[in-house]
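Asker: Have a look at this prediction, sequence included:
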Amino acid sequence: MSMMKIWNELLNLFFPSLCVLCHRPLIDGEEQLCLHCSCNLSYTYFDNADTNEVAQLFMGKFPFEKATAMFYYQKGGAVQKLIHALKYHDNQELAYYLGRQAAIRLKQAGFVDDMDVLLPMPLHFSKECKRGYNQAELIAQGMASVLYLPIETSAVKRVVNSSTQTHKEVYERWQNVQNVFVLTEKTKHLQGKHILIVDDVITTGSTIASCAVTCLSISNVRVSMMGIALAHR
């Protein structure tokens with residue numbers, strides 16, 4: 001047995017990894033979540049549906065191919081705790097893990113069969129500097145480790161740091177994110193591609209829709225959207 005493996009086992013003995021939700025020690029084969037907590041999350045099972053609650057948010061507003069989310073997000077629920085852990089408590093490994101899990105489900109369902117590139121939702125530079133990372137980019141990295149798709153982070157920028165969406169009505173949310181994204185000069189390689197836009201939580205869909213509409217100005221681009229969670233209204 002190598003010294004590194006011995007050291008890791010000693011660390012796990014005295015400082016075991018804990019489940020993000022129930023805080024019980026994880027066993028071999030578990031990562032971030034214990035099996036019990038993972039099985040009891042509020043999955044949407046949208047992956048195999050042609051139309052679903054996420055797609056319905058965007059229908060008639062702009063042309064898109066597919067849309068989905070892995071979980072329902074409910075206030076005070078387990079999924080909210082996961083999102084807060086990766087978004088506000090610096091659990092970057094959790095974002096990567098959830099991206100992997102989402103990609104496994106999407107791959108099994110054939111959802112990503114014709115997609116060419118992952119585009120994580122851009123953060124305004126001031127918010128990314130304050131947080132230290134873009135959680136959507138970490139989710140996309142986890143997805144890419146399963147799907148072997150490239151990640152695009154330079155073609156679209158968020159140029160307006162919109163006010164918080166939390167207490168706004170649906171119409172106000174859509175108005176609040178108009179013209180907040182712009183294309184850079186680095187879009188030529190995306191022409192004719194099918195882009196999957198990746199985000200953490202989809203609520204009204206206004207922000208991810210604004211990004212999608214911006215992408216659609218690239219020649220012959222198709223867009224789809226995926227969130228780790230859909231806020232259950």
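Answerer: On my side now, so go ahead.
Asker: In contact with residue 186, which residues are there?
Answerer: Residue 186 sits next to 154, 155 when contact means C-beta atoms under 8 Å, 6 or more residues apart in numbering. Placement of C-beta: from N, CA and C, glycine included.
Asker: And it, how far from residue 153?
Answerer: Here the criterion is C-beta to C-beta, to the nearest Å. By it, residue 186 lies 10 Å from residue 153.
Asker: Which helix in the protein has the most residues?
Answerer: Secondary structure of the chain per DSSP state H: the longest helix is helix 92-109.
Asker: Can you name the residues in contact with that helix?
Answerer: Contacts for helix 92-109 (C-beta under 8 Å, 6+ apart): 20, 31-33, 47-48, 68, 70, 82, 85-86, 112, 133, 135, 138-147, 198, 200, 226, 228.
Asker: if you set the cut-off to 6 Å instead, what comes out?
Answerer: 31-32, 47-48, 70, 85-86, 112, 133, 135, 138-139, 141-143, 146-147, 228 (C-beta atoms under 6 Å, 6 or more residues apart in numbering).
Asker: chain center to it, what's the gap?
Answerer: Taking the mean of its C-alpha atoms, helix 92-109 sits 9 Å from the chain's own mean (C-alpha atoms, centre = their mean, to the nearest Å).
Asker: can you check stretch 132-149 too?
Answerer: In this view, stretch 132-149 has its centroid 8 Å away from the chain centroid, taken as C-alpha atoms, centre = their mean.
Asker: Domain map for this structure?
Answerer: Split into domains by automatic domain parsing, the chain comes to 1-40, 42-231.
Asker: Determine which stretch of these is the most buried.
Answerer: Burial of the domains of the chain is given as mean neighbour count (mean count of other C-beta atoms under 10 Å); domain 42-231 ranks first at a mean of 18.
Asker: all helices for the chain, in order.
Answerer: 3-14, 35-39, 53-58, 78-87, 92-109, 125-131, 135-147, 170-176, 206-215.
Asker: got a markdown table for those helices, with distance to residue 157 and mean pLDDT too?
Answerer: Shown next, in a markdown table, are those (distance: least, C-beta to C-beta, whole Å; pLDDT from 0 to 100):
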| stretch | distance to residue 157 | mean pLDDT |
| --- | --- | --- |
| helix 3-14 | 40 | 47 |
| helix 35-39 | 35 | 96 |
| helix 53-58 | 22 | 94 |
| helix 78-87 | 20 | 95 |
| helix 92-109 | 21 | 96 |
| helix 125-131 | 8 | 88 |
| helix 135-147 | 13 | 98 |
| helix 170-176 | 18 | 57 |
| helix 206-215 | 9 | 94 |
